[in-house]
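In: Compute the structure for the input listed below.
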Amino acid sequence: MEILTEKGKIVEVKGNKLKIEVPRREECEHCGSLFCSLKERNSAIIEVEAAEGFKVGDSVEIQLPGKQLVWVTCLIYLFPLLILVASIYFGFEFTGNVLYSSLLAFTFVGIYFLVIRKLGFGNINPKILRKLN
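Out: Residues are numbered from 1 along each chain as shown. Predicted coordinates:
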């Protein structure tokens, strides 16, 4: 599967955790995502675990596994949609009421996102390939 590489600048170092600022890509201008915070900002902050030897201001190249991005995309978009549709259908079959089935569906989707967040399934684990400067 495809591996994405990005260039960024280290903005914070805490032990072996680095926060890297990655500039917004040109593709972001045409994206229709409602959940991405890059629409309002010109960069994203990505947290990476790395060995010692990095300092604030270093430029680095990071690697994001494409397979992991596909998995996270399914977790965030596809599975909640399936849960929503199935909950509405089965909720209506069980109660016969559109309002109750809709409330049930949104409740299940909310619980789904809470579980995903609590268990950390939506995390992407980028790796630093090399220091650029």
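In: in what helix or strand does G8 lie?
Out: If you go by DSSP states H and E, G8 is part of strand 3-14.
In: Could you check how far that strand is from the centre of its chain?
Out: Relative to the mean C-alpha coordinate of its chain, strand 3-14 is positioned 16 Å out (C-alpha atoms, centre = their mean, to the nearest Å).
In: try stretch 6-25
Out: 16 Å.
In: Over to stretch 84-91?
Out: With C-alpha atoms, centre = their mean, you get 25 Å for stretch 84-91.
In: can you pull the buried residues of that stretch?
Out: Neighbour-count burial for stretch 84-91 flags L84, S87, I88, G91 (criterion: 16 or more other C-beta atoms under 10 Å). Bear in mind the C-beta positions are built from the backbone N, C-alpha and C, glycine included.
In: What lies in contact with it?
Out: For stretch 84-91, contacts defined as C-beta atoms under 8 Å, 6 or more residues apart in numbering pick out Y100, S101, S102, L104, A105, F106, F108, V109.
In: Can you tell me how far the first one is from L81?
Out: Spelled out, it's Y100. Y100 sits at a distance of 20 Å from L81 (criterion: C-beta to C-beta, to the nearest Å).
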